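Visitor: Just the structure for this:
(2 chains)
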Protein chains: 2
Amino acid sequence: MPESERLLDSIRELLDGGRDERLSDVLADTHPADLSRALRELPLPEQVRVFRLLAPAEAGAVLSELDDQTLLELVRALDEVEVSKILDQMPSDHVVEVVEELPPEQAEKFLDLMEEEKSEEVQELLEYEEGTAGRLMSPNVVAVGEQATVAQAIAHVRKAATRDGAFYVYVVDDHDHLVGLVPLHRLLTADPSTPIGAIRTSDVESVSVHTDQEEVARLVQHHNLLEVPVVDVNRRLLGTIGVEDVIDVIAEEATEDIQRLGGVAGDETVFDPASAVFRNRFLWRLVNLGTAVLAASVIGAFEASIQALATLAVFMPIVASMGGIGTTQTATVVIRGIALGDLTPGVMARVVRKELWLGITTGLANGLVLAGIAYAWKGQLLLAAILGVALVLNMTLAAIVGTLVPVALKALRIDPAIASSVIITAFTDVFGFFSFLGLASLLMSFLL
Amino acid sequence: MPESERLLDSIRELLDGGRDERLSDVLADTHPADLSRALRELPLPEQVRVFRLLAPAEAGAVLSELDDQTLLELVRALDEVEVSKILDQMPSDHVVEVVEELPPEQAEKFLDLMEEEKSEEVQELLEYEEGTAGRLMSPNVVAVGEQATVAQAIAHVRKAATRDGAFYVYVVDDHDHLVGLVPLHRLLTADPSTPIGAIRTSDVESVSVHTDQEEVARLVQHHNLLEVPVVDVNRRLLGTIGVEDVIDVIAEEATEDIQRLGGVAGDETVFDPASAVFRNRFLWRLVNLGTAVLAASVIGAFEASIQALATLAVFMPIVASMGGIGTTQTATVVIRGIALGDLTPGVMARVVRKELWLGITTGLANGLVLAGIAYAWKGQLLLAAILGVALVLNMTLAAIVGTLVPVALKALRIDPAIASSVIITAFTDVFGFFSFLGLASLLMSFLL
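Guide: Modelled structure (predicted):
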């Protein structure tokens, strides 16, 4: 039995037995992330009971780790004063993570109930746009002036009572401009009287409050950073973003890409109730219905040919379907390449050539197989040949559409991942039916 | 112009002007990750020229950051002794990252040419299976005994000349068993004569050398760790995995999931030459051809009905296509939920109910729209009604297939992401054609 289920079982057992004291010991020994994952498996009244057994600091940590849906329901079930007292104990960037998920009126109420200083700090962070470095940063940062000595910096670290994750001391000049940093282990091994200016790095990578969180993630990932300082336009140090927040961004962005490609909202989760996702799912299905009707109208134009030779109807979906997988394969690699920042203009030409070559060669190979199957099945050589030719044409188009549509979307600053299979395969559906039925009709008009 | 293009431009300019000295200054000032991304945009002979201008330490860092394809070509173009000398300068876990990508004979040759001690360390790491914590870890770890004082621990940190990323001192007992850790900032603020045992954490999360890298990533992500110690079966400390390696794992696994869903190999990149991906792409297209032929054979069974009423051929792909988007949407959310560890048995029942409800309701809504369109277009009420019913049936099936296939694959320990659209939509293609044409034929047999 995995550890998470063991935890859940013992929570349930202690709840049922009414052994609150023992339960509260178990909870204190459990990581907040594991607790938040266990909570969501319980019915709401038991969630509330468990939550109330937590120490305030732990309760806060659990809140900031909860998935949106569970958070919404739990907060609604708790007393407002109770929640605001927990928020008061949390680092302001974690409060932001909680408050931004709540309905505006409720968020406002909490901000009113909170201590003024903390509430103002939170509101300042909330003013930065969602998805930017400013919204993500923690405003608590350990910074010292260049003239400070190592001993003074150490005293500063001690006083700042920093979280475990603070491993750099930032160095600022007289105007609070960020000029460098000192990793803690250098402080540890330097002579106490050394001025910080002498051991600081000569350079430090930073981001602006307005930098997109995806770009922050890329910087952290490529340069192996543990923390990124965030500065304003004048390079004044405003806060830091820790790698743990960046990891969440990377996972979130991956989820968004995967789900958009699959025709689902980027932030949908398995926890969302059906009513919350109905609209979005339905809309995508409606878009798909539109493209399917469009494809059907192409078939409709050739109804007379199908009437004359019903076998055409048997084979036509194969050509469309093969175009679909072709576009999907190509677009998937291209969209991932764009997301990873790999698809630079220099690489682009290579990719188009490669995909075209693949479209034509796999089209020829699959076309031969399909023509063989069709001939063996129906014994009509011409039909088999037309099928093969239409397949090659459609898979060549698939290579072009699969490459160019995502690139064009990116150029228009639209997320290429919404070029989901729904949209791009519309091209190959339409063209697949058109090329096969068109060629067949043309031939029939010569023969008949 | 983005910074990466500016870098590339100045490298090209200095190369063309033969200003090697200036170029080598520019290179020394550039982050190895940025350099490795610039290198791959250059033709191979220029890659070699640039690479030879790098200091050995930087050359090593660039090698370990290169994408597989560029690495293979560059290493082949360089002198073997030259490369092995660079490998000697690199941390062994980075050497592993390079060597594991090379063809076995070439890898062996490098391991022979390298210094014996380093080569042995690398070979030990290579013995751990790919995708496990052992293969990922760095064997250089700062550990002290419980009896050591803070002052002794600091001296140890100083001597270890650790990388910038080492921010913990691990504590082991007399048998080298991992018992706790001390974050550097606690060393910094503790009295030098304090025994380490008094300030170490009472507990420390660790993974085994055989732990799957995905599980390591989940632990780091949920518990916000910066580093995970890796231990053997006896809890002896063997190495550590830094968060920077974990980030790469998370990005890799996301790429794998996205690409497998799109019917492409998990490790394909935009840099791969067409010849390298032809086989995999072609095989998936062949699988798709197989499912398409299967669907076509269902249509073939109703050829007489289509002969009698060609309009059926116009509408039948719509039912199949709508089932396809339904399965894809459902499977996408379910597969992502599995990957994130969200789809526990407790959540499962909720998800099945939700997807069924969504399949039926969106099916009904879309079915009405489609029936309306069909009636307006062809004026045949019965045909329109059959179309609507077939759509509801197929979207209900889509909900079931989209949920159960990924879950079943997971239970069989197969990556659910290979339940790509190619495979799961085969169900709805076949059933879509069958339900619509079957209902229509049944009705026609009554009417005619």
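Visitor: where does chain A dip in pLDDT?
Guide: Counting by pLDDT under 70, chain A has low-confidence residues at A:1, A:161-166, A:448.
Visitor: if we go to 50?
Guide: Within chain A, no range satisfies pLDDT under 50.
Visitor: care to break it down by domain?
Guide: Using automatic domain parsing, the domain ranges for chain A come out as A:3-135, A:143-254, A:274-447.
Visitor: Name the stretch among these that sits most buried.
Guide: domain A:274-447 (a mean of 21; mean count of other Cβ atoms under 10 Å in any protein chain shown). Just so you know, the C-beta spots here come from the backbone N, C-alpha and C atoms, and that holds for glycine as well.
Visitor: what about it, how long is it end to end?
Guide: Separation of the first and last residues of domain A:274-447 by Cα to Cα, to the nearest Å is 55 Å.
Visitor: on that earlier part again, would you turn the domains of chain A into JSON lines with distance to chain B?
Guide: Listed next are the domains of chain A as JSON lines, based on distance: least, Cβ to the nearest Cβ, whole Å:
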{"stretch": "domain A:3-135", "distance to chain B": "4"}
{"stretch": "domain A:143-254", "distance to chain B": "3"}
{"stretch": "domain A:274-447", "distance to chain B": "3"}
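Visitor: With distance to B:F315 as extra columns, can I get those domains in CSV?
Guide: Shown next, in CSV, are the domains of chain A (distance: least, Cβ to Cβ, whole Å):
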stretch, distance to B:F315
domain A:3-135, 38
domain A:143-254, 38
domain A:274-447, 6
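Visitor: Identify the residues contacting the residue nearest to the spatial centre of chain A.
Guide: Nearest to the geometric centre of chain A sits A:E253, at 1.9 Å (Cα atoms, centre = their mean). Applying Cβ atoms under 8 Å, 6 or more residues apart in numbering or on different chains, we find A:E253 in contact with A:E214, A:A217, A:A339.
Visitor: quick one, what contacts the second one?
Guide: By that I understand A:A217. In this structure, A:A217 makes contact with A:V246, A:V249, A:I250, A:E253, judged by Cβ under 8 Å, 6+ apart.
Visitor: the longest helix in chain A is where?
Guide: Assignment by DSSP state H gives helix A:345-378 as the longest helix of chain A.
Visitor: Which strands or helices does the helix or strand following it pack on?
Guide: For helix A:345-378, the following helix or strand on the C-terminal side (DSSP states H and E) is helix A:381-411. On a contact count with 3 or more Cβ pairs under 8 Å, 6 or more residues apart in numbering or on different chains; DSSP states H and E, helix A:381-411 meets helix A:311-339, helix A:345-378, helix A:421-447.
Visitor: rewinding a little: select, out of the domains of chain A, the one closest to B:G145.
Guide: Nearest of the domains of chain A to B:G145, taken as Cβ to Cβ: domain A:143-254 at 18.8 Å.
Visitor: For the closest one, measure first residue to last.
Guide: Using Cα to Cα, the end-to-end distance of domain A:143-254 comes to 34 Å.
Visitor: Pull the distance from that domain to the chain's centre.
Guide: With Cα atoms, centre = their mean, to the nearest Å as the basis, domain A:143-254 stands 26 Å off its chain's centre.
Visitor: Give the phi and psi angles for whichever residue of the stretch 151-300 of chain A sits closest to chain B, as a check.
Guide: For the stretch 151-300 of chain A, the residue closest to chain B is A:G262, as judged by Cβ to the nearest Cβ, at 2.8 Å. Main-chain torsions, A:G262, degrees, to the nearest 10: phi -90, psi 10.
Visitor: what about it, neighbour count?
Guide: Residues lying near A:G262 (other Cβ atoms under 10 Å in any protein chain shown) number 28.
Visitor: so who does A:T328 touch?
Guide: Residues near A:T328 by Cβ under 8 Å, 6+ apart: A:G402, A:S421, A:I424, A:T425, B:G262, B:G263, B:S421.
Visitor: and of these, the nearest to A:L136?
Guide: Nearest to A:L136, judged by Cβ to Cβ, of those is B:G262 at 29.5 Å.
Visitor: wait, what's in contact with the closest residue in space to the closest one that isn't next to it in sequence?
Guide: Distances taken as Cβ to Cβ, 6 or more residues apart in numbering or on different chains put A:T332 closest to B:G262, at 2.7 Å, once the chain neighbours are dropped. A:T332 makes contact with A:L261, B:I258, B:Q259, B:L261, B:G262, B:G263, B:V264, according to Cβ under 8 Å, 6+ apart.
Visitor: Sort out for me which of these are in helices.
Guide: Among the contacts of A:T332, DSSP H puts A:L261, B:I258, B:Q259, B:L261 in helices.
Visitor: hang on, the earlier thing: pull the distance from the longest helix of chain A to the chain's centre.
Guide: The answer for helix A:345-378 is 32 Å, by Cα atoms, centre = their mean.
Visitor: by how many degrees do that helix and helix A:311-339 diverge?
Guide: With axes from the mean of the first three to the mean of the last three Cα atoms, to 10 degrees applied, the angle from helix A:345-378 to helix A:311-339 works out at 160 degrees.
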